[in-house]
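S.K.: Just need the structure, nothing else, for what follows:
(2 chains)
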2 protein chains.
Amino acid sequence: MITALAGGVGAARLLAGVVQVVPPSEVTAVVNTGDDTVLHGLHISPDLDTVLYTLANVVDPETGWGRAGETWRVMDGLRRLGGVTWFNLGDQDLATHCYRTQRLAEGASLSEVTAELVRAFEVGVRLLPVTEDTLRTRVQLAGGPEVGFQEYFVRLRHEVATDGIRFEGADSARPAPGVLPGLEDADTIVVCPSNPVVSIGPLLAVAGISDVLRRRRDRTVGVSPIVAGRALKGPAGRLLVEGGFESSVVGVARFYREWLGTLVIDEADRTLAPAVEDQGVRCVVAPTIMSDAEHAAALARVVLDAAG
Amino acid sequence: MITALAGGVGAARLLAGVVQVVPPSEVTAVVNTGDDTVLHGLHISPDLDTVLYTLANVVDPETGWGRAGETWRVMDGLRRLGGVTWFNLGDQDLATHCYRTQRLAEGASLSEVTAELVRAFEVGVRLLPVTEDTLRTRVQLAGGPEVGFQEYFVRLRHEVATDGIRFEGADSARPAPGVLPGLEDADTIVVCPSNPVVSIGPLLAVAGISDVLRRRRDRTVGVSPIVAGRALKGPAGRLLVEGGFESSVVGVARFYREWLGTLVIDEADRTLAPAVEDQGVRCVVAPTIMSDAEHAAALARVVLDAAG
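M.R.: Numbers count the residues shown, from 1 in each chain, chains lettered A, B, ... in the order given. As a prediction, the model looks like this:
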């Protein structure tokens, strides 16, 4: 049994590789909900949806998020009305948000709705939101206001300096059903190549998760989202530096070292392997760029082999 | 200055006639919000939207509601997910609901949002929700549960017997800004050919409105939504009967007589004119079927002439 800690695009791609190597029914993904937001009254869970669409093979292959063959009728209409359009929502994607929001309003939990979507999209992997409680990543802009994560990530295109990250609701957020058992019982805990600060960080902030990870440190294998000193996508490098870590595989190792047994780094960072091991984290060097399904499967094999 | 009491399709058509006869800037419509509902987290105001789309000339001419040339991408997606699809929402229409919901969440009032939509759709008429407070028409099904109006109207297609209508929130709902002055200052108060029970009824339930209407009875002119004993559309006939009134122009006159000075009835009901006048309501006979823009304008002229 494999349990993965997952953010969005990078996690989704690795999980798509994992299910080529092991039966999907043996895979659980604990997914970040710190990015969740309510816009137009709709409950949007970007990371859950990215993983869902990717595993269902309906994701936009260009962007890595949203739906392939998407249309934008509602957004076009909203633009004509002068509405909020910086967060682009395709018509097919909106159907998911409408479904989720209505089911939540009917009293279903986010876990239940996610399980329903997993069935509807015929995804074999078990997807768990990290928590059913409200957890919201808030970004303190340097010399500016605190904003919601999507405002930082999408509207401001993460091109601004930050002065702190906070996970609102983390103090009282409980792990969703299945999360702690999934981590306790896993043969391997995979830390996907997601943003350490704002994708994996919210998971670590939920009560009990760090404790399990620490106890199971020898079963945890991560993939560095930083390659050759930079994130393949998004602000991981910048946020690591702003948080006092290096934008390198060494910074990732240092960020995770208390509970990460093994870190897989890209061949481009081969010379940094000793520095990673100096952090007390075992280091495996392999190609980590998931340019297609074959490379994703190969990386998944490396990760699972690294777990022994 | 003309102020109209308005429900959905019939009201929208008469208002489209009125603006051919007088400048739109001289027209205020006080619109029913008892039909409003929240679905998929979206705040939907069916009557406001029907009037808006009709006056903007973007309404679906076949149905009289929704958008012309509409697409259904989101609904199709929602259907594939097994979501709630009995309330059909087109993609262009959804843009309106997204806009409204987001603005309400940002703290705008329903009046403000409506004014913004009126500007965006370049409608010259002033549209006022009857109230900014929550007002919800609830339908007690005969021998069954109480349901929301849209569940009765759309999901059950108003094909079931009712045992009472209630306007939830009416006790505390205050007229929206401009509503009472609009009625006080109007040269003519037009009661559109809407469902007396569930379209005009909620307006009458909001504090202060009936009082103004009673005082201004000689300035109020209504158009009967019942022609030859039947509603042209919807359950007005059935609901009148179930409420103890006749499904006829006489029933309409009796329903409105405390505050309605004049009722325009269709030529098909000419023989009932004396019975209408027996209710103490002046009766004008004219063609009332608004089969096209010319007929709507002609009816508007009759209504405004009837006011003297």
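S.K.: wait, what's in contact with the residue in the stretch 151-300 of chain A that chain B sits nearest to?
M.R.: Relative to chain B, the nearest point of the stretch 151-300 of chain A is residue A:151 (13.4 Å; Cβ to the nearest Cβ). Using the backbone N, CA and C atoms, a C-beta is placed for each residue, glycine as well. Going by Cβ atoms under 8 Å, 6 or more residues apart in numbering or on different chains, residue A:151 touches residue A:139.
S.K.: Helix, strand, or coil at it?
M.R.: Following DSSP: H, G, I helix; E, B strand; the rest coil, the label given to residue A:151 is helix.
S.K.: Return the distance of it relative to residue A:202.
M.R.: Taking Cβ to Cβ, to the nearest Å as the measure, residue A:151 falls 16 Å from residue A:202.
S.K.: One more: residue A:247?
M.R.: Residue A:247 sits 20 Å away from residue A:202 when distances are taken as Cβ to Cβ.
S.K.: who's more crowded, these two?
M.R.: Taking other Cβ atoms under 10 Å in any protein chain shown, residue A:247 and residue A:202 do not tie; residue A:202 has more neighbours (29 against 18).
S.K.: Quick check, that one in contact with residue A:167.
M.R.: Yes: using Cβ atoms under 8 Å as the test, residue A:202 is close enough to residue A:167 to be in contact (5.0 Å).
S.K.: quick one: common contacting residues for these two?
M.R.: With contacts taken as Cβ under 8 Å, 6+ apart, residue A:202 and residue A:167 have A:34, A:135, A:137 as neighbours in common.
S.K.: which element follows the helix or strand harbouring the last one toward the C-terminus?
M.R.: Pointing back at residue A:137 there. Here residue A:137 sits within strand A:136-141, counting by DSSP states H and E. Tracing the chain past strand A:136-141, the next element assigned as helix or strand by DSSP H and E is strand A:146-148.
S.K.: Could you pull out the helices in the stretch 1-150 of chain A for me?
M.R.: Counting by DSSP state H, counting those that start in this stretch, one finds helices in the stretch 1-150 of chain A at the ranges A:9-21, A:46-55, A:73-80, A:91-105, A:110-120, A:149-150.
S.K.: Just tell me which of these ends up closest to residue B:306.
M.R.: helix A:73-80 (38.7 Å; Cβ to Cβ).
S.K.: Now do the closest one, average pLDDT.
M.R.: On average, the pLDDT along helix A:73-80 is 98.
S.K.: May I see the buried residues of that helix?
M.R.: A:73, A:74, A:75, A:77, A:78 (16 or more other Cβ atoms under 10 Å in any protein chain shown).
S.K.: near chain B too, which of these?
M.R.: When Cβ under 8 Å from any Cβ of the partner chain is applied, the members of these adjacent to chain B are A:73, A:74, A:75, A:77, A:78.
S.K.: Quick check: the third one touching residue A:85?
M.R.: Yes: under the criterion of Cβ under 8 Å, residue A:75 is in contact with residue A:85, at a separation of 5.8 Å.
S.K.: Residue A:286 - how many residues pack around it?
M.R.: With other Cβ under 10 Å as criterion, residue A:286 counts 17.
S.K.: quick one: contacts of stretch A:291-308?
M.R.: Residues contacting stretch A:291-308 (Cβ under 8 Å, 6+ apart): A:2, A:13-14, A:16-18, A:20-22, A:187-188, A:190, A:219, A:221, A:223, A:262, A:264, A:282, A:284, A:286-290.
S.K.: All good on my end, thank you.
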